[in-house]
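J.: Dropping a prediction and its sequence here:
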Amino acid sequence: MPNTPNSGPAVSIDNLSKRYGRTLALDGISFDVRDREFFALLGPNGAGKTTLLHILCTILRPDSGTALVGGFDVVRQALAARRPLGIVFSEPSPRGRPPAVSAWSFRSRASTTG
């Protein structure tokens, strides 16, 4: 298990699952996004995109599987996993409450030299 930033993929998802009652939002998905790799998450409404982003941002906990951001586990090392993230909301919300995450950018802390 990596315990320092950038010792592996920028994002690593392994057998991640999440349910809302009887609805299976994520069904054992697995993939890696390498450092400095461009990645797009596309799918129809209800495909689990927002659920996945909420897990990566530590807003939700997965039911099973692991998610690493910058080498940090989003459940066991949530604060460290949030550090390399930037979240952009689509529009301001009333009374200061954030709307659902609609856009997300990942910024790797990798060295730009070399």
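T.: Happy to help now that I have it.
J.: now the helices for this structure?
T.: 49-56, 78-82 (DSSP state H).
J.: so what's the closest residue to A67 other than its chain neighbours scoring on pLDDT?
T.: Spatial nearest neighbour of A67, excluding adjacent residues (C-beta to C-beta, 6 or more residues apart in numbering): V74 at 4.6 Å. Glycine gets a C-beta too; all of them are placed from N, C-alpha and C. Looking at V74, its pLDDT is 97.
J.: got it, and the one 5 residues further on?
T.: Per-residue confidence (pLDDT) for L79: 94.
J.: ok, now G21?
T.: 95.
J.: Could you check how far it is from A10?
T.: 32 Å (C-beta to C-beta, to the nearest Å).
J.: Which one's more surrounded, those two?
T.: With neighbours defined as other C-beta atoms under 10 Å, G21 and A10 compare such that A10 has more, 23 against 5.
J.: Can you report phi and psi for the more buried one?
T.: With angles defined as degrees, to the nearest 10, A10 sits at phi -60, psi -40.
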